[in-house]
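Engineer: this one's structure only:
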């Protein structure tokens with residue numbers, strides 16, 4: 001059952017994709033953490049160029065080190081990526097590895113962000129194991145990954161756009177997840193009528209607020225999660241309040257910031 005629930009950034013994937021072989025990927029000699037399908041050498045080299053910085057960025061931002069060797073699989077075609085993962089996105093963390101689609105070559109400047117985003121997921125999964133990783137709330141997982149990567153996964157949605165949506169009532173509602181049903185029915189953007197990029201950006205704005213409000217509490221939260229604690233318990237102990245209360249304070253701050261800017265303009 002757990003295999004049926006293996007996920008990248010949003011959707012459940014099946015056993016058919018889980019057991020697709022990856023032994024045809026060749027190791028890139030200049031960066032052995034990268035493996036590629038024949039014909040994807042140029043893509044692999046671009047990925048290899050960002051791997052060291054991406055690994056370092058994730059470890060520094062999340063206060064941990066990768067517990068197992070990092071493996072990034074670079075696919076030759078979108079069809080190959082879909083066959084191996086069951087997804088049509090640009091990248092995802094799946095089967096304890098990162099898979100990247102050549103769709104990233106359409107905007108190579110995004111490669112660093114996407115690699116870092118997926119490595120953020122991978123680090124947490126390595127610490128917590130599959131089940132404990134999957135019961136974490138999606139808004140936190142994606143918000144953290146977008147924040148750590150400097151925007152990877154949020155597309156063209158800006159922080160300003162996200163704030164406008166939140167203040168207009170078009171926002172996600174943060175929960176603490178934690179149960180088996182949260183694995184079966186994870187709450188992503190569509191749950192609140194939000195397109196994925198908007199959900200990712202809103203999540204990152206909230207996560208960044210938590211980080212900037214109390215960096216010590218944020219670090220304690222991440223370390224506690226890497227130790228395997230339930231999200232609700234780790235959050236309550238770190239911030240000495242609930243997620244809902246912090247969200248309400250966050251929204252009030254956004255309102256105050258908007259009003260302050262309006263007053264200055266007048």
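Structural biologist: Cool, got the structure. Every value quoted in this text rests on a predicted model; they were computed, and no experiment measured them.

Engineer: mind checking what helix or strand follows the helix or strand harbouring residue 81 in sequence?
Structural biologist: Assessed by DSSP states H and E, residue 81 sits inside helix 78-85. For helix 78-85, the following helix or strand on the C-terminal side (DSSP H and E) is strand 91-94.

Engineer: pairing partners for the helix or strand just after that next one, with directions?
Structural biologist: For strand 91-94, the following helix or strand on the C-terminal side (DSSP H and E) is strand 97-100. Applying DSSP bridges, strand 97-100 is found paired with strand 72-74 (parallel), strand 91-94 (antiparallel).

Engineer: same list (the ones you listed) but as a markdown table, adding mean pLDDT and distance to residue 19.
Structural biologist: C-betas here are computed from N, CA, C, even on glycine. A markdown table is the format used below for these (pLDDT from 0 to 100; distance: least, Cβ to Cβ, whole Å):
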| stretch | mean pLDDT | distance to residue 19 |
| --- | --- | --- |
| strand 72-74 | 98 | 15 |
| strand 91-94 | 90 | 12 |
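
Engineer: hmm, back to that, identify the residues contacting the helix holding residue 81?
Structural biologist: Under the contact criterion Cβ atoms under 8 Å, 6 or more residues apart in numbering, helix 78-85 has outside partners 8, 13, 17, 20, 22, 37, 73, 75, 87-88, 92, 94, 99-103.

Engineer: the residues you listed, buried ones only, as a PyMOL selection?
Structural biologist: Buried residues within these, by 16 or more other Cβ atoms under 10 Å, are selected in PyMOL with:
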select buried, resi 8+13+17+37+73+75+87+92+94+99+100+101+102+103
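
Engineer: break this structure into its domains for me.
Structural biologist: 1-130, 135-266 (automatic domain parsing).

Engineer: can you give me the end-to-end span of stretch 68-76?
Structural biologist: The first residue of stretch 68-76 is 25 Å away from its last residue (Cα to Cα, to the nearest Å).

Engineer: now tell me what touches that stretch from outside.
Structural biologist: 22, 25, 33-40, 43-44, 47, 51, 55, 81, 84, 96-102, 115, 119, 122, 126.

Engineer: what residues of that stretch count as buried?
Structural biologist: With burial defined by 16+ other Cβ under 10 Å, the residues of stretch 68-76 counted as buried are 70, 71, 72, 73, 74, 75, 76.

Engineer: could you dump the residues you listed to a markdown table with distance to residue 174?
Structural biologist: A markdown table is the format used below for the buried residues of stretch 68-76 (distance: Cβ to Cβ, whole Å):
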| residue | distance to residue 174 |
| --- | --- |
| 70 | 29 |
| 71 | 32 |
| 72 | 30 |
| 73 | 32 |
| 74 | 34 |
| 75 | 33 |
| 76 | 39 |
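
Engineer: tell me which of the residues you listed is nearest to residue 217?
Structural biologist: When these are compared for distance to residue 217 (Cβ to Cβ), residue 70 comes out closest, at 28.4 Å.

Engineer: got the phi/psi numbers for the closest one?
Structural biologist: Phi and psi for residue 70, reported as degrees, to the nearest 10, are phi -80, psi 130.

Engineer: look up how far residue 177 lies from it.
Structural biologist: As judged by Cβ to Cβ, to the nearest Å, residue 70 and residue 177 stand 26 Å apart.

Engineer: over to residue 224?
Structural biologist: 15 Å.

Engineer: in terms of neighbours, single out the busier of those two.
Structural biologist: Using other Cβ atoms under 10 Å as the criterion, residue 224 and residue 177 rank with residue 177 on top: 21 against 17.
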